[in-house]
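In: After the sequence you'll find the predicted model.
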Amino acid sequence: MQYFTQDFIDFLKELDANNRKEWFHDNKKRYESSVKNPFLKFLQDLFAEIRKHDNQFKVEAKDCIARINRDIRFAKDKTPYNIHYTAFASRGGKKNKHIPGIFLRFGPEEVGIMGGCYMLSKEQLLSVRRQISSNIPKFRKLISATDFVAKFGEIVGEEHKRIPKEFQSAHVKEPLIAKKQFYYMAQRKPELILSKELLSEIMSYWHTARPVNEYFIRAIQ
């Protein structure tokens with residue numbers, strides 16, 4: 001099924017060149033018909049597919065879509081709108097970004113598909129590090145799986161320069177334990193948005209990400 005037309009991409013490109021409230025309000029009906037509504041429909045179908053494999057996935061699609069309005073309170077860039085449309089496809093949705101899932105960003109330049117842990121509390125980070133250090137080969141096997149590497153590459157994220165004493169010996173064996181974020185990402189060309197295979201393609205990334213996400217979920221919960 002094709003969820004989006006070329007106008008999804010064209011609208012965001014034009015928004016990029018006309019990023020002001022007056023232009024957006026003049027094109028609001030177009031935004032709703034070409035961007036907002038088809039994205040919601042796609043996400044509803046995606047979540048229906050995810051629920052076939054995960055009975056704990058109970059969030060509603062409408063509660064997982066980020067607003068197109070930017071938070072400009074503390075930003076130097078005061079343009080009011082994002083030039084992409086995003087959603088948090090996880091058990092916590094956008095209200096609980098601690099829970100790993102996949103984060104989708106559809107834009108005119110690329111499709112971003114991300115997963116893992118991006119916002120960890122101190123307690124959650126401690127739990128993740130302890131889980132990794134307790135069985136490093138298990139963690140390494142998950143992130144070295146052929147399909148995971150092919151789709152997402154490697155775990156990335158910011159690192160602490162100083163490693164707590166508890167994890168210094170584990171850090172020698174597994175340097176990733178120094179990270180304070182454990183996420184991964186894939187980038188696809190924007191043509192994927194227009195593809196009739198969009199749903200099956202995104203689900204293939206969800207399936208690939210699931211073992212790593214479940215590993216992190218067990219650690220933080």
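Out: Done, it's in.
In: Secondary structure element holding the nearest residue to Ile83 once chain neighbours are set aside?
Out: Among residues not flanking Ile83 along the chain, Asp16 sits closest, at 4.6 Å (C-beta to C-beta, 6 or more residues apart in numbering). Quick note: C-beta positions are derived from backbone N, CA and C, even for glycine. Element membership of Asp16 [criterion: DSSP states H and E] is helix 6-17.
In: who does that helix touch, helix- and strand-wise?
Out: Based on contacts counted as 3 or more C-beta pairs under 8 Å, 6 or more residues apart in numbering; DSSP states H and E, the elements that helix 6-17 packs against are helix 28-31.
In: And the next helix or strand past the helix it packs on?
Out: That would be, after helix 28-31 and using DSSP H and E, helix 37-51.
In: Quick one: mean pLDDT over that following helix.
Out: Regarding helix 37-51, the rounded mean pLDDT is 97.
In: Go ahead and measure how far it is from the middle of the chain.
Out: Computed by C-alpha atoms, centre = their mean, to the nearest Å, the separation of helix 37-51 from the middle of its chain amounts to 15 Å.
In: Just the residues contacting it, thanks.
Out: 1, 3-5, 8, 57-62, 64-65, 85, 87, 89, 106, 198-199, 202-203, 206 (C-beta atoms under 8 Å, 6 or more residues apart in numbering).
In: Those residues in strands, which ones?
Out: The strands, defined by DSSP state E, take in 85, 87, 89, 106 from the contacts of helix 37-51.
In: can I get those in TSV with neighbour count, pLDDT and distance to Leu126?
Out: Compiled in TSV, those are given as follows (neighbours: other C-beta atoms under 10 Å; pLDDT from 0 to 100; distance: C-beta to C-beta, whole Å):
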residue	neighbour count	pLDDT	distance to Leu126
Tyr85	24	95	35
Ala87	25	95	29
Ala89	24	92	27
Phe106	24	98	35
